[in-house]
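1. Take this sequence and fold it.
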Amino acid sequence: MPEAIPRLHAGICLLATSGLLACIGATPAPPLETVLVAPPNFNRELPQIFEAGPEVLRDELRAALESHGVRVIAPELFEIRTVWDSATNDVGTLLDARGDFDPALLDVAASRVIEAYRSQGHRFDALLLSYLESRIVTISAGSVSWDGVKRRIQIDRSKGGKDLWTWPNHEPAVCLSLRVVAYSGDGRRLFERYGGLEVVHQYRSRDLAEIVRSDLFLDRAALREGVEIALAPLFQH
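-> The predicted structure is shown next:
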């Protein structure tokens, strides 16, 4: 694992995955008209190499929701942070011993924020919190499958090197997912769901070194696929 990618304390979780779609505690969602969407990772820091991700994902979240006819309320970063801090200042840290959100405390915080926005006259059917997170996935036949998607591993063959047709099978790869935690307009948790996005590294052929890709967050089709997967329970009636 490259040292440049922190595990937990920078606000991005490294989680083992078997490639199965993660959907935790899902309950049937009511019909949606309006959704309050917090900016991705608004209350968790990211490593610098991923700093472009939240803005791109915010655009994709809005586009995906609007394509389903949902009106989006998207507060600016400063506003949501101010409301969140004011509404949750007595909740304390939301993190558990592993550095991830404690589900019960996150639920309390989200409920407080919903109350705060409703007291300002906002009306919405759901609140969406979203986070860019990484997953450790095993490479198989030059591809990785996780959280509902399959992506090819990129290999730089520009300077030659050993034959890589069968490599790097069974090696771990760092992959990015969008984690969405959804709450109803009255503060009930609806679901937590992951949608796969991109593989973080390409692999240099001459020495099999991992290199952070320079084109992260540029493949909008791949990002949209992951966003749609993460949002799917909202539209399952």
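
2. what are the ranges of the helices in the chain?
-> Assigned by DSSP state H, the helices in the chain fall at 53-67, 77-88, 103-119, 220-231.

3. Mean neighbour count, distance to Arg152 and mean pLDDT for these - can I get that in CSV?
-> (Glycine included, C-beta is placed from N, CA and C.) Converted to CSV, the helices of the chain look like this (neighbours: other CB atoms under 10 Å; distance: least, CB to CB, whole Å; pLDDT from 0 to 100):
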stretch, mean neighbour count, distance to Arg152, mean pLDDT
helix 53-67, 18, 20, 97
helix 77-88, 15, 34, 95
helix 103-119, 17, 34, 96
helix 220-231, 20, 11, 98
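
4. Now for the residue nearest to Leu128 when sequence neighbours are not counted, how many residues are close by?
-> Distances taken as CB to CB, 6 or more residues apart in numbering put Val37 closest to Leu128, at 4.9 Å, once the chain neighbours are dropped. By other CB atoms under 10 Å, 22 other residues sit near Val37.

5. check contacts around Val37.
-> Contacts for Val37 (CB atoms under 8 Å, 6 or more residues apart in numbering) come out as Arg58, Leu61, Arg62, Leu65, Val72, Ile73, Ala74, Leu127, Leu128, Ser130.

6. Show me which of these is closest to Ala97.
-> Comparing the contacts of Val37 against Ala97 with CB to CB places Ser130 closest, at 23.5 Å.

7. Return the set of residues that bridge with that closest one.
-> Val180 (DSSP bridges).
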